[in-house]
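Q: Structure of the sequence below:
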Amino acid sequence: MMKFFAALLCVFTGFAHAEPALLTDLALPYIAAAPADSKDKPLIIFLHGYGSDERDLLGIKGELSPDYTYLSVRAPGEVDGGGYKWFTQDTDQAEYEGVTRDVDKSTDLLRTFIEQATEKYATQPDKVILVGFSQGAMMSYQIGLQHPELVRGIAPLSGKILAALKGRLKPDDRLQALKVFIGHGSADNRVPFSGATEAQRVLETLLVTPEFHSYAGAGHTITSAEVADLKAWIESVLAPH
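A: Got it, this is the predicted structure:
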């Protein structure tokens, strides 16, 4: 869905670099861009969408602080014709939903990955932020709402809270510290905008108040305005508190 985005953003911002090597020492394959000393530095983890790969969102780092550690993860499932997926879509459902066993398996792998990465890069969970697009956005909700102790915040872009997860949720004091950025194009024809407004409603029932951004006329993509808003949100979340 976003295969073109990283390349375009790199060209636009002048941050085109040699492609980093794929690393396989953690629970999921990933590429990394880390400062020489990552101890206690913010850790930003990118989660790509269906049919894409770990290279897709890494270009966003060019708009963010060079002092952060950036990891971009490859989803565990392969897509026919190329690319990867976090889960298989459940085509028996009228709305965009995932096959629950796939979602749960990927959630477990991603949870382990985040724990391992936090240890490897010598930082703390309150400095970890997940940024996900489409299926990656849905996975950020899976982690943030079920394992909030692992992250400071999540930024689901063009996503939704899957129905199976929604059915499991209940008020939890641990969620009070979770920061959430929701971004969604109003003209998205793959994951409808209603997924964002419904997620906002669900979060508010859990006493989580997200920072909500809609982008008029935007489809299933990430706009430059969204990246600017994301940058400001990340900086505010990571400011000393």
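Q: Let me see the contact set for the nearest residue to residue 66 once chain neighbours are set aside.
A: Leaving aside its sequence neighbours, residue 66 sits nearest to residue 35 (Cβ to Cβ, 6 or more residues apart in numbering; 7.3 Å). Just so you know, the C-beta spots here come from the backbone N, C-alpha and C atoms, and that holds for glycine as well. Listed by Cβ atoms under 8 Å, 6 or more residues apart in numbering, the contact set of residue 35 reads 41, 66, 67, 68, 69.
Q: Dihedrals phi and psi, the last one?
A: Here is the backbone geometry of residue 69 (degrees, to the nearest 10): phi -100, psi 130.
Q: related to what we said a few turns ago, what secondary structure does the residue nearest to residue 66 sit in?
A: Of the three states, residue 35 takes coil under DSSP: H, G, I helix; E, B strand; the rest coil.
Q: Check the one 4 residues further on too.
A: Per three-state DSSP, the local secondary structure of residue 39 is coil.
Q: Which pLDDT value goes with the residue nearest to residue 66?
A: Model confidence at residue 35, given as pLDDT, is 94.
Q: same deal with residue 14?
A: Looking at residue 14, its pLDDT is 36.
Q: So which helix or strand of this structure has the lowest pLDDT on average?
A: Every helix and strand of the chain was ranked by mean pLDDT, DSSP states H and E. The lowest is helix 5-13, at a mean of 38.
Q: before we move on, back to that, by neighbours, which of the contacts of residue 35 wins?
A: Among the contacts of residue 35, the one with the most neighbours (other Cβ atoms under 10 Å) is residue 69, at 24 neighbours.
Q: Strands of the chain, start to end?
A: Along the chain, the stretches classed as strands by DSSP state E are 30-33, 43-47, 69-73, 77-78, 84-85, 128-133, 153-157, 179-185, 211-215.
Q: Quick one: closest of those to residue 192.
A: strand 179-185 (8.9 Å; Cβ to Cβ).
Q: What pairs with that closest one, parallel or antiparallel?
A: For strand 179-185, the paired strands and their directions (DSSP bridges) are strand 153-157 (parallel), strand 211-215 (parallel).
Q: so which of those is the most packed in?
A: strand 153-157 (a mean of 29; mean count of other Cβ atoms under 10 Å).
Q: which among the contacts of residue 35 gets closest to residue 223?
A: Relative to residue 223, the closest of the contacts of residue 35 is residue 68; by Cβ to Cβ it sits at 21.6 Å.
Q: what's the closest non-adjacent residue to the closest one?
A: Nearest residue to residue 68, sequence neighbours excluded (Cβ to Cβ, 6+ apart): residue 42, at 4.5 Å.
Q: what's the angle from the longest helix seen in the chain to strand 128-133?
A: If you go by DSSP state H, the chain has its longest helix at helix 100-120. Here helix 100-120 points in a direction 140 degrees away from that of strand 128-133 (axes from the mean of the first three to the mean of the last three Cα atoms, to 10 degrees).
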